[in-house]
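Novice: Predicted coordinates and the sequence they were generated for:
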Amino acid sequence: MSETFTKAMARNIFYGGAVFFFLLFLGLTFDSMKALPKRDHRENITESVTRGKLIWETRNCVGCHTILGEGAYFAPELGNVYKRRGGDNGGAEFIKAWIQSQPTGVPGRRQMPQFHLNDQQLEDMVQFLKWTSEVNTGTWPPNIEG
Amino acid sequence: MDNTRAHPQILATPPGDLAIWFFIYAELLAFGVFFVAYAFARAHNVELFNESQQHLNRASGAINTLVLITSSYFVVRGVAAIQRGYSTLCARWLAAAIGLGGVFLAIKLHEFDAVFSAGISLSTNTFYMFYLSLTLFHFMHVILGMVILFAVMLKAQRGGYSAEEHRGVETGASYWHMVDLLWIILFPLVYVIH
Amino acid sequence: MQYKSQAVAKPYFIAAIALFVGQILFGLIMGYQYVVGDFLFPAIPFNVARMVHTNLLIVWLLFGFMGAAYYLIPEETETELYSPKLALITFWVFLAAGALTIVGYLMVPYATLAAMTGNDLLPTMGREFLEQPLPTKLGIVVVALSLLFNISMTVLKGRKTSISLVLLLGLWGLAVFFLFSFYNSHNLVLDKYFWWWTVHLWVEGVWELILGAMLAFVLIKITGVDREVIEKWLYVIIAMTLITGIIGTGHHYFWIGTPDYWQWFGSVFSALEPIPFFMMTVFAFNMVNRRRREHPNKAATLWALGTGVMAFLGAGVWGFLHTLAPVNYYTHGSQITAAHGHMAFYGAYVMVNLTMISYAMPMLRGRTANSGPAQTMEMWSFWLMTVSIVFITLFLTAAGILQIWLQRMGTNPMGFMDAQDQVRLFYWLREIAGFVFLTGLVLYIWSFFCKKGEAVKA
């Protein structure tokens, strides 16, 4: 076996294969970048959405929640929370009231910290979650519960 | 061809470096899974697939099939040449095979050009996703195969192979035959079968 | 120990194990918060505990990789390290940066930490696993560059073996792909797309090169099998890793706004990702069976075999379970993901580091192998930790299946928290398994101080 299977050949396959598939990956990435604007609706990313994302990040929301299924699995999915809580009919109000009323303090229940967001920040948070809920995710999650 | 048969080593183990055969099996597996996925997706969208298939350039696909089969034949002649110890002849046959690979790429580029200028992309529909992925994936394999054959050809030209020791030629040839084989499956599957 | 400069690996390994303990303690806190939600609230909210848990994991694995690099490169290249002093300075810089970051997470609200550390200049914080403040991220780059410089210079002046080249390639890849952690688009979809270039291309790409090189090194040492054979295997395994793993990134691009064709690409290529892990298992057993010497360090052999098996189970089998797009549609972002994450990280990266430490630490302490009783104790810790991680994975898998059934299937799905209440039993069982794991870890550390029996002299 060792005679017909040289280390040099195995090495060539490694380098060739790695380069080949990385190029393929770059090609697919190039195509994805061209296709994304239609799916992420970036024309709707306002300054408020941008600020909302920063609030999302600096409060480490992803340390408990998932967003589009990524994050921690301790608290509900928030990619579609805007729609789950009423969409354009009450979604914004629900989210703001929810964030403001935390923590619930119910003994033994999971607790969300109080972040002391002002009205503008609450609005930014809502705008970010609204935009996220409109991203074309290929019909995921399976139902509104996320 | 008789010379190939007469070579005792060929019967004992697969030709070329065993490592390339692991690679070839892995490649066949990856393409195989894609072919199965194609059949699966087609079964769910028969009409879409049949409709979209009408727009493919079947003539260029058929010509390319002939081009690749011929190039594989040239590679066989190259191997036969080196088995008799003719290095220069081997290099010439390989050069001819590489040339035909270039013809394949040119025809394919022409076909892609027409498809892309019609505004078709991976996201157009499931059929085109498969058509473009499979043919582009195969396209890159043709390029890789040509690079391998080219490296083998250079070494043959320098007299790096002999009638006794020419596993490198067989290794490159095996890979090229796989690229050819994949196209022979791909062409009827994607271009022809309704 | 054949080269004096290999000694710099020792502090790296000690720090790795110390941070490992921290990681497990915070894991237990989180596991308890899963059932008693307000435990330690508001002092340590879940998101802080999780950040500490995952960041400690990453940092201690990096300590392990670096220690491994400093230990094995002199032996592979047959020359002393280019600069042992630089390696020691790097160690203290990394330890200080890591410790400060963890203290920052625990003492200051995250938003304040972000404001204090210049997140406004370049917002990179608050993304899973990349929560580190900007100065820490820059520190990681500096530490990585220092390591790369030191190792590259050593390789350049010494013997160039395949193992050292693969390790070097893996470490360079680690540094290069970490640079994507500095990219953070205000467009969440783009943010996620390139976030995976760090996260996926690390753990299912370049880290596997490091893993392969470390495993190959230890296998050569303990089995005495011909280097040519082992290095050939190494190349074939890592070739398959990258061939399947690079496009396999697509299994993260199913539902985050990326084009639908990723469902096909991701499914096909990641379905092949178990192959290199399976080969690694076959490789480890094959080499041990063909051994040409009886190395007195039985514990290291056990860890090496365990790495093969558990990496295959955790990364290969549990990865495959939910990698096909139609399955992942239901399992995405559920406890199934957590189950896979735990066994994959333990099986692949924790175990390969413990393999390396198990082999190298006795050498660094001036002996070929620990005494029989010490090794027995270490092997007990192997089984306690490994069996408990299997149970943690099984309980989380059960929790995940139930969660999906209640929350994502059927016409009348439950809300998230209602479903969580239904799976509490499995979270309790997971926490118990977690304490068994801690017992194993304590025993592991104890084995270093075991005075019974005679160590095998070098």
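Specialist: Nice, thanks for sending it over. None of these values were measured; they are calculated from a predicted model.
Novice: Let's verify the spatially most central residue of chain C: helix, strand, or coil?
Specialist: With distances taken as Cα atoms, centre = their mean, residue C:349 lies nearest the centre of chain C, 3.5 Å away. The three-state label given to residue C:349 by DSSP: H, G, I helix; E, B strand; the rest coil is helix.
Novice: Quick check: closest non-adjacent residue to it.
Specialist: Among residues not flanking residue C:349 along the chain, residue C:61 sits closest, at 5.1 Å (Cβ to Cβ, 6 or more residues apart in numbering or on different chains). All C-beta spots, glycine's among them, are computed from the backbone N, C-alpha and C.
Novice: that older thread, does the residue nearest to the centre of chain C really touch residue C:207, like I thought?
Specialist: Yes: Residue C:349 lies in contact with residue C:207 (Cβ atoms under 8 Å); the separation is 6.6 Å.
Novice: on that earlier part again, so how many other residues sit close to the residue nearest to residue C:349?
Specialist: When counting by other Cβ atoms under 10 Å in any protein chain shown, one arrives at 24 neighbours for residue C:61.
Novice: The one 3 residues further on too?
Specialist: Burial measure for residue C:64: 28 neighbouring residues, criterion other Cβ under 10 Å.
Novice: tell me the mean pLDDT for the helix or strand where it lies?
Specialist: Using DSSP states H and E, residue C:64 falls within helix C:46-77. The pLDDT scores in helix C:46-77 average 98.
Novice: for stretch C:408-416, same thing?
Specialist: 93.
Novice: Please apply the same query to stretch C:311-320.
Specialist: Mean pLDDT, stretch C:311-320: 97.
Novice: cool, and stretch C:129-137?
Specialist: Mean predicted confidence for stretch C:129-137 is 97.
Novice: ok, so what distance separates the residue nearest to residue C:118 when sequence neighbours are not counted from chain A?
Specialist: Computed as Cβ to Cβ, 6+ apart, the closest residue to residue C:118 that is not its neighbour in sequence is residue C:134, at 5.2 Å. Residue C:134 is 12 Å from chain A, where distance means Cβ to the nearest Cβ, to the nearest Å.
Novice: From what I see, residue C:134 and residue C:122 are in contact.
Specialist: Yes: taking Cβ under 8 Å as the definition, residue C:134 is a contact partner of residue C:122 at 6.0 Å.
Novice: More neighbours: the two, which one.
Specialist: residue C:134 (18 against 13).
Novice: Now for the more buried one: which residues touch it?
Specialist: Residue C:134 makes contact with C:117, C:118, C:119, C:121, C:122, C:124, C:125, according to Cβ atoms under 8 Å, 6 or more residues apart in numbering or on different chains.
Novice: Tell me which residues touch the last one, please.
Specialist: Contacts for residue C:125 (Cβ under 8 Å, 6+ apart) come out as A:57, A:58, A:60, C:110, C:113, C:114, C:117, C:119, C:131, C:132, C:133, C:134.
Novice: Show me where chain B has its helices.
Specialist: Ranges of helices within chain B are B:2-6, B:8-12, B:18-44, B:46-53, B:58-83, B:87-117, B:126-157, B:167-186, based on DSSP state H.
Novice: So for residue B:122, what pLDDT did the model give?
Specialist: pLDDT at residue B:122 comes out at 89.
Novice: same thing with residue B:29?
Specialist: pLDDT, residue B:29: 89.
Novice: residues near it, how many?
Specialist: Using other Cβ under 10 Å as the criterion, the residues surrounding residue B:29 number 14.
Novice: Residue B:92 too?
Specialist: Using other Cβ under 10 Å: residue B:92 sits among 18 other residues.
Novice: what do you get for residue C:78?
Specialist: When neighbours are counted by other Cβ under 10 Å, residue C:78 comes out with 11.
Novice: Now for it: which residues touch it?
Specialist: Neighbouring residues of residue C:78 by Cβ under 8 Å, 6+ apart: C:158, C:159.
Novice: if we can go back for a sec, now the helices of chain B as a markdown table including distance to residue C:139?
Specialist: Compiled in a markdown table, the helices of chain B are given as follows (distance: least, Cβ to Cβ, whole Å):
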| stretch | distance to residue C:139 |
| --- | --- |
| helix B:2-6 | 62 |
| helix B:8-12 | 58 |
| helix B:18-44 | 40 |
| helix B:46-53 | 53 |
| helix B:58-83 | 54 |
| helix B:87-117 | 46 |
| helix B:126-157 | 40 |
| helix B:167-186 | 46 |
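Novice: now the ones you listed in a markdown table, with distance to chain A?
Specialist: Output for the helices of chain B, formatted as a markdown table (distance: least, Cβ to the nearest Cβ, whole Å):
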| stretch | distance to chain A |
| --- | --- |
| helix B:2-6 | 17 |
| helix B:8-12 | 9 |
| helix B:18-44 | 4 |
| helix B:46-53 | 18 |
| helix B:58-83 | 16 |
| helix B:87-117 | 11 |
| helix B:126-157 | 6 |
| helix B:167-186 | 7 |
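Novice: Out of those helices, flag the one nearest residue A:113.
Specialist: Smallest distance to residue A:113 across the helices of chain B (Cβ to Cβ): 44.3 Å, for helix B:126-157.
Novice: Show me what counts as buried in that closest one.
Specialist: B:126-139, B:141-142, B:144-146, B:148-149, B:152-153, B:155-157 (16 or more other Cβ atoms under 10 Å in any protein chain shown).
Novice: for stretch A:55-74, same thing?
Specialist: A:55-74.
Novice: so does the helix or strand of chain A with the lowest mean pLDDT get close to chain B?
Specialist: Of all helical and strand segments in chain A, the minimum by mean pLDDT, DSSP states H and E falls on helix A:7-40, at a mean of 94. Yes: judged by Cβ under 8 Å from any Cβ of the partner chain, helix A:7-40 comes into contact with chain B through A:9-10, A:13, A:16-17, A:20, A:23-24, A:27-28, A:31, A:34-35, A:38.
Novice: Quick check: which element contains residue C:368?
Specialist: strand C:367-369.
Novice: Pull up the pairing partners for that strand, direction included.
Specialist: Strands that pair with strand C:367-369, judged by DSSP bridges, come out as strand C:456-457 (antiparallel).
Novice: what's the spacing between the strand it pairs with and its chain's center?
Specialist: 31 Å (Cα atoms, centre = their mean, to the nearest Å).
Novice: what is the rounded mean pLDDT of that strand?
Specialist: Here the average pLDDT along strand C:456-457 is 87.
Novice: gap between stretch C:412-425 and the chain center?
Specialist: Distance, centroid of stretch C:412-425 to centroid of chain: 31 Å (Cα atoms, centre = their mean).
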